[in-house]
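**Q** What follows is a protein structure lacking sequence information:
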Ligand SMILES: Nc1nc(=O)c2c([nH]1)NC[C@@H]1CN(c3ccc(C(=O)N[C@@H](CCC(=O)O)C(=O)O)cc3)CN21
Ligand SMILES: CC(C)C(=O)C(=O)O
Ligand SMILES: [Mg+2]
């Protein structure tokens with residue numbers, strides 16, 4: 001790229017700076033480290049298929065998470081708990097196929113890493129080899145540090161996830177905000193430092209008070225990715241179906257709805273069905289002679 005290249009099309013997000021102006025390769029952990037150095041915030045969205053992954057990739061979202069939220073947002077389960085490795089491999093491979101520039105991060109599903117670091121290694125390797133993702137994410141701070149260390153030693157970039165860890169929904173008895181009170185706040189800080197020490201390149205902070213998330217962000221050298229953690233984290237993540245108004249039913253308080261896709265898509269389906277009933281679709285222009 002030469003010095004007189006035009007600035008990127010305005011339809012893209014801040015990806016151009018994140019890539020250092022290079023947009024024909026995938027985002028790497030080094031790009032994200034450089035972004036933290038520059039104080040540049042970035043965004044992450046979930047994606048569960050090639051179609052939506054491609055839309056977000058074209059929009060310049062630099063990191064796409066194949067979340068185990070696929071369980072409740074895409075596959076019809078109540079929670080993320082039933083999601084399997086085979087499902088995560090299939091969905092992650094689709095997102096990789098549908099994208100060119102985003103770093104694709106795959107969630108490790110419940111039961112795929114808690115047993116031992118060896119189990120975590122086996123399943124992280126499947127996501128890297130069979131799906132082709134660039135990084136994996138797993139839940140837990142101090143309790144997951146040994147597994148994170150082993151993966152990182154093996155050359156697998158790891159994103160950690162602390163605070164509200166949804167795979168523990170049955171232990172939490174719901175999805176309560178985490179890190180409230182001195183003891184819980186100190187535990188969150190210890191968890192954040194443990195995953196950084198273990199070699200994670202970033203850490204998701206889910207449903208924690210904004211002041212605590214700011215403090216963690218200031219104290220860590222790696223990127224913090226907030227969801228329900230206030231505005232001062234290095235990055236923000238949302239579940240795509242939530243931010244696009246596609247989720248059925250209630251969404252968490254921290255969600256902003258940037259579109260109302262559920263209504264748009266429902267209207268299209270209703271109009272199609274009405275035209276079929278009326279005999280006005282297909283029209284001559286949709287018909288072979
Ligand atoms: N659609 C969807 N969006 C998500 O963000 C998401 C999922 N699903 N599934 C997995 C987890 C579950 N998440 C959730 C779900 C609900 C709340 C929630 O409603 N929390 C209460 C906290 C109240 C309090 O403790 O003060 C809230 O009222 O926001 C938070 C996170 C986040 N993740
Ligand atoms: C909400 C994000 C961080 C997640 O873990 C998921 O979508 O599964
Ligand atoms: Mg998840």
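**A** Yep, that arrived. Everything numeric here is computed off the predicted structure, so don't read it as measured data. Numbers count the residues shown, from 1 in each chain. Ligands and ions are numbered 1, 2, ... in the order given.

**Q** Surely residue 206 touches residue 224?
**A** No: at 10.8 Å, residue 206 and residue 224 do not qualify as touching, with contact defined as Cβ atoms under 8 Å. Using the backbone N, CA and C atoms, a C-beta is placed for each residue, glycine as well.

**Q** hey, where'd the helices end up in the stretch 51-200 of the chain?
**A** Ranges of helices in the stretch 51-200 of the chain, per DSSP state H, counting those that start in this stretch, are 70-73, 85-97, 117-126, 145-153, 169-172, 182-198.

**Q** tell me the most buried of those helices?
**A** helix 70-73 (a mean of 23; mean count of other Cβ atoms under 10 Å).

**Q** Do you know the pLDDT at the nearest residue to residue 18 once chain neighbours are set aside?
**A** In space, residue 18 comes closest to residue 62 once its chain neighbours are excluded; the distance is 4.9 Å by Cβ to Cβ, 6 or more residues apart in numbering. As predicted, residue 62 sits at a pLDDT of 96.

**Q** Check the gap between residue 62 and ligand 1 for me.
**A** Distance from residue 62 to ligand 1, counting by Cβ to the nearest ligand atom, to the nearest Å: 20 Å.

**Q** what do you get for residue 162?
**A** To ligand 1, residue 162 is 13 Å away according to Cβ to the nearest ligand atom.

**Q** picking up where we left off before, quick check on the residue nearest to residue 18: phi, psi?
**A** Here is the backbone geometry of residue 62 (degrees, to the nearest 10): phi -80, psi -20.

**Q** one step back: of the helices of the stretch 51-200 of the chain, which is nearest residue 259?
**A** Residue 259 lies closest to helix 70-73 among those, at 15.3 Å (Cβ to Cβ).

**Q** quick check: mean pLDDT across the closest one?
**A** Averaging pLDDT along helix 70-73 gives 98.

**Q** by contact count, what packs against that helix?
**A** helix 85-97, helix 240-243 (3 or more Cβ pairs under 8 Å, 6 or more residues apart in numbering; DSSP states H and E).

**Q** For ligand 3, find the nearest of the ones you listed.
**A** Of all the helices and strands packed on helix 70-73, helix 85-97 sits nearest to ligand 3, with 10.1 Å by Cβ to the ion.

**Q** Show the average pLDDT along that closest one.
**A** Helix 85-97 carries an average pLDDT of 99.

**Q** Please apply the same query to stretch 129-147.
**A** Stretch 129-147 shows a mean pLDDT of 98.

**Q** In that stretch, which residues are buried?
**A** By 16 or more other Cβ atoms under 10 Å, the buried positions in stretch 129-147 come out as 131, 133-142, 144-145, 147.

**Q** And the furthest pair within the residues you listed?
**A** Pairwise distances across the buried residues of stretch 129-147 peak at 28.0 Å for 131 and 142 (criterion: Cβ to Cβ).

**Q** re the thing from before, tabulate the helices and strands packed on helix 70-73 (CSV), appending distance to residue 199.
**A** Listed next are those as CSV, based on distance: least, Cβ to Cβ, whole Å:
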stretch, distance to residue 199
helix 85-97, 21
helix 240-243, 28
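
**Q** check contacts around residue 156.
**A** If you count contacts by Cβ atoms under 8 Å, 6 or more residues apart in numbering, residue 156 has them with 124, 125, 128, 135, 136.

**Q** Among those, pick out the one closest to ligand 2, please.
**A** For the contacts of residue 156, the residue nearest ligand 2 by Cβ to the nearest ligand atom is residue 136; the value is 11.6 Å.

**Q** Tell me the residues of the stretch 51-200 of the chain that contact ligand 3?
**A** Within the stretch 51-200 of the chain, the positions lying close to ligand 3 (Cβ under 5 Å from the ion) are 67, 68, 107.
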